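*Asks:* Structure for this input, please:
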Amino acid sequence: MNAASTLDRPNTRDMLGIHQVFRDAFALAPALVGSVCNDPHDRVAPVASYYANVLAMLHVHHEGEDELVWPKLIERTPMQAGLIERMQSQHEGLLDALNEAERRLAQWTADPDIEHGAGLAAALATLGVLCAAHFDEEERKILPLAAECITVEEWGELPAHAMRNFTGDKIWLVLGLVQEQMPPEARTTMEANMPPPVREMWQGAGRAEFESFITALRS
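*Replies:* Below you'll find the model as predicted:
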């Protein structure tokens, strides 16, 4: 029997918004990294911080799936074990590309010249291509499976895991990027389900910090 009943299934499609955050961030890399050439003193820090936090978000996103999704799916849908194990193994290749992007980001942050900028943009583009292929298959094959086999409560462990284990320095940036992908009613639900300290931070200074940061970054 499936763990999630027909009347109590998680909305696994909410992961599409998270995936879109990564798609957008990697697609913007040539423009954002390239913009530093025109104004390096004012642009290096925000662009570097943006990508450092996006990459930290990708780490914790995949770690959450590794710990909380794949084992349950393998246990509950053994006939799909080959698919699930293949999807899980893709994280290993993505980790290599992710680590390379972080290495290039550190180089560029320390010395934001054209050569390092080109290397960073290429590394982020490569990561974006690999992520897009993984996300596409996950959205077509894994999310419907998870909706059948994982409970609402278990699916809700993913955002809690992400907030507990996020290693970036701007949790409000991640919250804001995710909320940009949501309709208003989903944002309200998201905020209602935040741990009280996180909700207090976000509704206090966090939302304003995000709006100020992202407006300057994209200008």
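*Asks:* Relative to residue 194, how far out is residue 205?
*Replies:* Distance of residue 205 to residue 194, computed by Cβ to Cβ, to the nearest Å: 15 Å. Backbone N, C-alpha and C define where each C-beta goes, glycine included.
*Asks:* Same drill for these two, tell me which one is more crowded.
*Replies:* Remark: of residue 205 and residue 194, residue 194 carries more neighbours, 17 against 11, as counted by other Cβ atoms under 10 Å.
*Asks:* Quick check: the more buried one vs residue 16, distance?
*Replies:* To residue 16, residue 194 is 20 Å away according to Cβ to Cβ.
*Asks:* Same question for residue 128.
*Replies:* 16 Å.
*Asks:* And for residue 44?
*Replies:* With Cβ to Cβ as the criterion, residue 44 and residue 16 are 32 Å apart.
*Asks:* Name the residue in the two with the higher neighbour count.
*Replies:* residue 44 (18 against 14).
*Asks:* what sits against that one?
*Replies:* 36, 109, 112 (Cβ atoms under 8 Å, 6 or more residues apart in numbering).
*Asks:* now swap in residue 52 and tell me
*Replies:* Contacts for residue 52 were tallied using Cβ under 8 Å, 6+ apart; they are 102, 105, 168-169.
*Asks:* Same list, these, but as JSON lines with secondary structure please.
*Replies:* Formatted as JSON lines, the contacts of residue 52 follow (DSSP: H, G, I helix; E, B strand; the rest coil):
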{"residue": "102", "secondary structure": "helix"}
{"residue": "105", "secondary structure": "helix"}
{"residue": "168", "secondary structure": "coil"}
{"residue": "169", "secondary structure": "coil"}
